[in-house]
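return atomic coordinates for the entry below.
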Amino acid sequence: MDYDDSASVVEPETYITRNVSWFFKGTKWNWKYSISKSMAFKYSNEMKRNSPANNQEYLDFLSSIIDLDNPILKDISNGLASAAKDEGYDYYETVGFFASFVQGVITYEYDSKQFNCLDYIQYPIELLVNSKGDCEDKATLLANLLAIQKYDLQLIDLEPSPDSGHIALAVNCAKSYPGYRYYIDGKDYCYLESTMSGWTLGGIPKKYEDISVYAKQVPN
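Residues are numbered from 1 along each chain as shown. The predicted structure follows:
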């Protein structure tokens, strides 16, 4: 009897590896992470892609794609948290350290140039593979990494249209902490910019001051 065992052959997994570097407080940091090609394909081709109708639906979808159990995101988040602890960073410095990773490692790129469309939301894993994205992509990745460490966060939309608006993050902060803040659900949340290097917790681009925002609690 002939027997064909080709169906039982499992091809070895291959990986996409990224060697990245960024600066925080004058120190250069180097990191390496690897994502399996099967996982990258899943997020780029098989996951749900939404077209939010308004600002709140936009934030709802961004919140829904945060994955607290993804092993790659957990490894990066826990690695950053461990490094911050070794450096003796406090609560606010640790937030800044996480932000510097996303600001420095992920290049800002407009969707129109990267994907030839007005708006394309990348999943956090997808963004890590592509190494570039725009404001909602970077804010969602940063939110995901901080949420794994149980930070109290809000995703915020700063302009009236999700197509032309700006997405950023707000982090629970003490009333005594200096910086630009929002008062949401009885608590203070300090603004955190994820797009470009150099922004720290509470610092906000002038053009975004005094703009009403939509907010969405990030699951943790």
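
alpha carbons only for contacts and neighbour counts from here, please
Fine.

quickly find the element holding the residue nearest the centre of the chain.
Nearest to the geometric centre of the chain sits residue 141, at 1.2 Å (C-alpha atoms, centre = their mean). Element membership for residue 141 (DSSP states H and E) is helix 135-148.

give me the contact list for the longest helix along the chain.
When the chain is scanned for its longest helix (criterion: DSSP state H), the result is helix 71-87. For helix 71-87, contacts defined as C-alpha atoms under 8 Å, 6 or more residues apart in numbering pick out 33-35, 67-68, 94, 97-98, 125, 144-146, 148-149.

can you give the strand pairings for the host helix or strand of residue 35, parallel or anti for each?
Secondary structure assignment for residue 35, by DSSP H and E: strand 27-36. Strand 27-36 has the following sheet partners, assigned by DSSP bridges: strand 15-24 (antiparallel).

now the partner strand - C-alpha only, PDB.
In PDB, the C-alpha atoms belonging to strand 15-24 read as follows (Å, rounded to 0.1, in the frame of the first residue of the first chain):
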ATOM      1  CA  TYR A  15      10.900  34.800  11.900                       C
ATOM      2  CA  ILE A  16      11.100  38.500  11.200                       C
ATOM      3  CA  THR A  17      13.700  40.000  13.400                       C
ATOM      4  CA  ARG A  18      14.100  43.700  14.200                       C
ATOM      5  CA  ASN A  19      17.200  45.200  15.800                       C
ATOM      6  CA  VAL A  20      16.200  48.600  17.000                       C
ATOM      7  CA  SER A  21      17.800  51.500  19.000                       C
ATOM      8  CA  TRP A  22      16.500  54.700  20.600                       C
ATOM      9  CA  PHE A  23      17.500  57.300  23.200                       C
ATOM     10  CA  PHE A  24      16.200  58.100  26.600                       C
END
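
list the buried ones in whichever strand or helix holds residue 38?
Taking DSSP H and E as the definition, residue 38 sits inside helix 37-41. Neighbour-count burial for helix 37-41 flags 39, 40 (criterion: 16 or more other C-alpha atoms under 10 Å).

before we move on, the earlier item: could you dump the next helix or strand after the helix holding residue 141 to PDB, C-alpha only?
Toward the C-terminus, helix 135-148 is succeeded by strand 153-157 as the next helix or strand (DSSP H and E). Extracted C-alpha coordinates of strand 153-157, given in PDB (Å, rounded to 0.1, in the frame of the first residue of the first chain):
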ATOM      1  CA  LEU A 153      -4.800  55.000  30.500                       C
ATOM      2  CA  GLN A 154      -7.200  56.800  28.100                       C
ATOM      3  CA  LEU A 155      -6.900  56.800  24.300                       C
ATOM      4  CA  ILE A 156      -8.000  60.300  23.200                       C
ATOM      5  CA  ASP A 157      -9.100  61.800  19.800                       C
END
